Structures are given as C-alpha cells and as structure tokens.
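Engineer: Please find the sequence and the predicted model below.
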Amino acid sequence: MELSADRASGVAVPSVSTVHAFHAGVGAPIDASTGIRWIENNRRVASGEVISYTIRAATLQRILELPGCVGISLQYGVDDLGETLLLPIGVNGDGLVIGGSVPAGAKRFTRRYTGTVKGHFFGSDTFTRLLDERRSEIMRATPALDDDHAPQLLLSDAAEKEPRVYEDRSFPCASACPSLPEV
C-alpha cells in the first residue's frame, strides 16, 4: 500500500489512488485549528454564515449495524421547501447502498441538489471515534474548504460549541456517489 504525508497533519495516510474508496478506515481526525481555518475558508467563499447539519447518533448507529455496512455516505439533497439537507446512507465495501438505510424521498431529494460534490463517505471507524469514544449523542456536519479549496465535510460532537477535534479525510464523491434506489 502506498502512503503519502497528509498536508494538514503530516501523518502518513493511504493514497486514494491505491486504496478502494469504500472501507471502514476512511476518515481521520484533524486538529481544531485546522478545522476552524477550513470552516473560515468556506465562510469567506460563501460570503456569510456556514450552515451545519445535525444527525442523531441513534440514526447513525442504526445504519452502521446493518449487515455489510462499512460506512456512511452523507449525501446532499434539497427538500420540498428548497432547503439543503444531508442524508446518511449506509454503504458496503463495494460502494453499494445497503437496503434499509435509505430515507424515504432520498433519491428525489438528491436529484435536486446541484453542487459539484454530491456527498462524502466516512468509514465506520470515524463513527466509532465520534459516537463511541467521544460519546456524542448528536453529530454536527459542517461544510468546509481545505487549504487547496477542495470541499470537505467536518464532523464533530454537536454538544461541543468549540470542538477540540474534527473528523475529516472523507472520500468526497462528485458523480460517483453510491446510487440510490427508488423508495
């Protein structure tokens, strides 16, 4: 396996080109200063407030317990009122959606979203750190732009006003998000 040094932390991480994109190890913690800088990068580009999304830990745990689930794709959608939302979808090691993890109307909502990055995949290890080790009851997902202005999605414990650490290093998908079935 080929490793490369992560620019933000200096930690050796698997090269995306040599590792299958959908596995339990996708995602890694980043320090608070990096996370705050990336959120500020997004705020400057968005010219205003950065909107975060929240998801209950129980919802994420239910998805992660489905047979074959290696992680969750957090896919963007637009609801019937025109509001952007984030949909957690269970994914197996082949990048396929796991039945029973797709919210009603998800395909309709995701079709309406026109952003370049359609979602971010995080492996189950990320959620173990966030939900089990940190005992988060509600997860916050905050859009950000890294130092190269690539879209990121930072996960943190919603109970922490100023998180000490964020989860990132997801696999962002543009057109290659797991396909959703009609529900």
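Structural biologist: Received, thanks.
Engineer: Count the neighbours of the closest residue to residue 126 other than its chain neighbours for me.
Structural biologist: Once flanking residues are discounted, residue 126 sits nearest to residue 27: 3.3 Å by Cβ to Cβ, 6 or more residues apart in numbering. (C-beta placed from N, C-alpha, C; glycine too.) By the measure other Cβ atoms under 10 Å, the count of residues near residue 27 is 25.
Engineer: Wait, residue 27 touches residue 123, no?
Structural biologist: Yes: at 5.4 Å, residue 27 counts as touching residue 123 under the criterion of Cβ atoms under 8 Å.
Engineer: What is the burial count for residue 94?
Structural biologist: Neighbour count of residue 94, defined by other Cβ under 10 Å: 10.
Engineer: Okay, and it sits in which element?
Structural biologist: For residue 94, there is no enclosing helix or strand under DSSP states H and E.
Engineer: quick one on the thing from earlier: now list whatever residues contact both of residue 27 and residue 123.
Structural biologist: Here residue 27 and residue 123 share the contacting residues residue 71, scored by Cβ atoms under 8 Å, 6 or more residues apart in numbering.
Engineer: Distance-wise, check the residue nearest to residue 126 relative to residue 100.
Structural biologist: Separation of residue 27 from residue 100 (Cβ to Cβ, to the nearest Å): 23 Å.
Engineer: quick revisit: and the pLDDT for the residue nearest to residue 126?
Structural biologist: At residue 27, the predicted lDDT confidence score is 93.
Engineer: what residues are up against it?
Structural biologist: Contacts of residue 27 by Cβ under 8 Å, 6+ apart are 71, 122, 123, 125, 126, 155, 167, 168, 169, 170.
Engineer: The closest residue to the last one other than its chain neighbours - how many residues pack around it?
Structural biologist: This points to residue 170. Residue nearest to residue 170 in three dimensions, not counting chain neighbours: residue 120, with 4.0 Å by Cβ to Cβ, 6+ apart. For residue 120, the neighbour count with other Cβ under 10 Å is 27.
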